[in-house]
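Trainee: Build me a model:
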Amino acid sequence: MKYVAILLVSAILLFSCNLQGVKKNENPPKNEKDTTTTEKISTKKQSTPEIASDTLRLPNGITITYFKKGKGELLQKGDMVKIDFREKLEDGTVFDGNHIVKKQFVPFIVGWHQQTEGWDLAMTQLRVGDDVDIFIPARFGRGEKGIKGIIPPNSNTILSLRIIDRFEPTHSIDGVEVWKYDETNSEGDLIDTGDEVYINYFVSSESKPRYDNNYQRGSTFKLVMGDISVMPGLEKALRVSKSGDRIMVKIPSKWAYGNKGLIGMVKPNEDIFYDIQIARVIKKANS
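Mentor: Down below sits the predicted model:
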């Protein structure tokens with residue numbers, strides 16, 4: 001089955017969680033970088049300075065400084081957690097964080113390239129409850145290119161991070177896992193067969209981060225529920241959602257591209273991961 005896919009080579013966005021999508025405006029900004037602000041602030045409370053309790057230096061140059069240690073098992077690939085973070089340059093300039101979008105936490109899935117490689121490498125050394133500063137060498141961050149006007153080329157960064165808790169799926173349907181992290185308060189109906197659904201999204205495979213990203217195209221993507229062109233796993237996730245919801249979806253390969261894959265984007269038998277804002281739903285007219 002050939003599914004609808006508008007493919008492009010995606011540039012790395014500043015906000016990997018892409019929380020601009022929670023706004024009601026169904027048309028996302030054409031250039032997300034324009035919405036980013038930088039600031040020089042302390043990432044620790046001024047009144048009660050925290051003292052490092054331990055430091056872990058990895059062979060690859062990543063250094064983790066602990067201010068508080070959690071308990072339990074180390075995080076693994078595929079774990080979804082709630083995080084509170086600030087990321088800054090070595091001069092103290094903060095360029096990313098959930099505070100910028102006025103969120104107490106954002107969800108993060110380990111090992112799926114949601115942020116830079118340095119994040120994923122460090123995450124597998126952490127536990128729920130850890131409060132750390134992570135030194136990320138440039139080669140595991142934005143590298144030689146950086147981000148124009150925000151992160152200079154070859155810049156090391158420091159990630160101040162608190163792992164709040166694990167984030168269990170809101171729904172699990174035939175192996176398709178759905179996490180709702182911004183949910184409409186309306187009493188509207190769930191999405192159903194025949195509804196027109198307009199979404200903003202990015203999607204990654206395990207081997208190809210953000211192989212498709214409609215935020216950069218500046219317009220929502222339309223699909224019709226029940227149409228043969230809609231990926232089965234995506235349809236399963238949308239059926240437990242409503243207009244205005246913001247969801248993350250992990251789709252097993254059998255409900256995505258199966259043993260054929262998608263040339264250059266998704267390998268055969270590879271799972272995929274969506275971050276979706278449901279911008280608008282037009283309900284099917286009653287016949």
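Trainee: Now do the contacts for the closest residue to residue 139 other than its chain neighbours.
Mentor: Nearest non-adjacent residue to residue 139, counting by Cβ to Cβ, 6 or more residues apart in numbering: residue 61, 7.9 Å away. No exception for glycine: its C-beta is placed from N, CA and C like everyone else's. Residues counted as contacts of residue 61 (Cβ atoms under 8 Å, 6 or more residues apart in numbering) are 135, 137, 139-140.
Trainee: And residue 134, by the same measure?
Mentor: So residue 134 contacts 62-65, 118, 122, 158-161 (Cβ under 8 Å, 6+ apart).
Trainee: go with 6 Å
Mentor: The neighbours of residue 134, taking Cβ atoms under 6 Å, 6 or more residues apart in numbering as the test, are 64, 122, 159.
Trainee: again with residue 90
Mentor: residue 156.
Trainee: Can you tell me what sits against stretch 275-285?
Mentor: Under the contact criterion Cβ under 6 Å, 6+ apart, stretch 275-285 has outside partners 21, 26, 191, 194-202, 220, 241, 243, 245-248.
Trainee: from those, which would you call buried?
Mentor: Buried subset of those (neighbour count, 16 or more other Cβ atoms under 10 Å): 21, 26, 191, 195, 197-202, 220, 241, 243, 245-248.
Trainee: among those residues, which are in strands?
Mentor: Mapping the buried ones among the contacts of stretch 275-285 onto strands (DSSP state E) picks out 197-202, 246-248.
Trainee: farthest pair in these?
Mentor: 198 and 248 (18.2 Å; Cβ to Cβ).
Trainee: Okay, and the closest residue to residue 226 other than its chain neighbours sits in which element?
Mentor: Nearest non-adjacent residue to residue 226, counting by Cβ to Cβ, 6+ apart: residue 193, 4.1 Å away. Counting by DSSP states H and E, there is no helix or strand that carries residue 193.
Trainee: quick one: residue 193 and residue 225 touch, right?
Mentor: Yes. Judged on Cβ atoms under 6 Å, residue 193 makes contact with residue 225 at a distance of 5.2 Å.
Trainee: Give the residue spans of the stretch 151-287 of the chain that score low on pLDDT.
Mentor: 184-187, 287 (pLDDT under 70).
Trainee: can you map out the strands along it?
Mentor: Taking DSSP state E, counting those that start in this stretch, the strands of the stretch 151-287 of the chain run over residues 157-166, 171-173, 176-182, 196-205, 212-213, 221-224, 246-251, 272-282.
Trainee: How about residues contacting the third one?
Mentor: So that's strand 176-182. By Cβ under 6 Å, 6+ apart, the list of residues contacting strand 176-182 reads 22, 80, 107, 169-171, 233, 236-237, 245-251, 255.
Trainee: That one pairs with which strands, parallel or anti?
Mentor: Strand pairing for strand 176-182, determined by DSSP bridges: strand 171-173 (antiparallel), strand 246-251 (antiparallel).
Trainee: Pull out the buried positions in the first one.
Mentor: The one in question is strand 171-173. Under 16+ other Cβ under 10 Å, the buried positions of strand 171-173 are 171, 173.
Trainee: so where do the helices sit in this protein?
Mentor: Applying DSSP state H to the chain gives helices spanning 117-123, 232-238.
Trainee: Dump those into TSV; add mean neighbour count and distance to residue 153 as well.
Mentor: Below are the helices of the chain laid out as TSV (neighbours: other Cβ atoms under 10 Å; distance: least, Cβ to Cβ, whole Å):
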stretch	mean neighbour count	distance to residue 153
helix 117-123	22	16
helix 232-238	22	37
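Trainee: Name the member of the contacts of residue 61 with the shortest distance to residue 154.
Mentor: Taking Cβ to Cβ as the measure, residue 154 lies nearest residue 139 of the contacts of residue 61, at 8.5 Å.
Trainee: beta partners for residue 205?
Mentor: residue 272.
Trainee: How many residues are close by it?
Mentor: Residue 205 has 23 neighbours, counted by other Cβ atoms under 10 Å.
Trainee: Next: the one 10 residues further on.
Mentor: Other residues near residue 215 number 24, with proximity taken as other Cβ under 10 Å.
Trainee: Of the strands of the stretch 151-287 of the chain, which is nearest residue 148?
Mentor: Judging the strands of the stretch 151-287 of the chain by Cβ to Cβ, what sits closest to residue 148 is strand 157-166, at 15.8 Å.
Trainee: helices or strands next to the closest one in the packing?
Mentor: Using 3 or more Cβ pairs under 6 Å, 6 or more residues apart in numbering; DSSP states H and E, the elements in contact with strand 157-166 are strand 80-89, strand 131-136.
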